[in-house]
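**Student:** Sequence first, then the predicted structure, then my questions.
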Amino acid sequence: TGTNATTGLNIDSSGNVGIGDASPACKLEVAGAIAGKLTSFSTAGPTDSVDVSGTTMLSCNTTNNSVTISGFAGGVSGQVLYVTKLTQNNDLVLQHNSSSGQDILLCTGAHETVTTYGGWVLVCNGTNWVAVSSPTGAVDA
């Protein structure tokens, strides 16, 4: 336990860890930006069981074709996944409750499409992925 001023890693007597924070108020506190694994995906699909193990952002490239995803694999409870479409070309479709792996459960209860820039925020409950946002850039937005 103690403070290491050289690395900016601090562990207090209760086991709280601070990165760049000398007095963490919770189990892990970070002062600054946190980056996670970026995975790129461009298969037309529909594709089931897209591996998102350890992924924070799934960047879907729709430059050459529309992309349809029906489910994921490798998600763990509490994992947050940003699914993004970064080009205006073609569409990005997430299929609601259509997977043989980890289902995607969307806010509308139906398949959702992003036609311009945008995407979703999803959270894994260990079994399925639940949308905690409606899509931006959606066909009906």
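**Tutor:** Structure received.
**Student:** Between its first and last residues, how far does stretch 20-36 reach?
**Tutor:** 18 Å (C-alpha to C-alpha, to the nearest Å).
**Student:** what do you get for stretch 28-38?
**Tutor:** 22 Å.
**Student:** Buried residues in that stretch, which are they?
**Tutor:** Judged by neighbour count (16 or more other C-beta atoms under 10 Å), stretch 28-38 contains no buried residues. Backbone N, C-alpha and C define where each C-beta goes, glycine included.
**Student:** How far does it sit from its chain's centre?
**Tutor:** 14 Å (C-alpha atoms, centre = their mean, to the nearest Å).
**Student:** Please apply the same query to stretch 11-21.
**Tutor:** The answer for stretch 11-21 is 26 Å, by C-alpha atoms, centre = their mean.
**Student:** Helix or strand with the lowest mean pLDDT in this structure?
**Tutor:** Ranked by mean pLDDT, DSSP states H and E, the weakest helix or strand in the chain is strand 2-4, scoring a mean of 52.
**Student:** Closest to the centroid, which residue in the protein?
**Tutor:** For the chain, the residue whose C-alpha lies nearest the mean C-alpha position (C-alpha atoms, centre = their mean) is L81; its distance is 1.0 Å.
**Student:** hang on, isn't that one packed against L58?
**Tutor:** Yes: counting by C-beta atoms under 8 Å, L58 is a contact partner of L81 at 6.1 Å.
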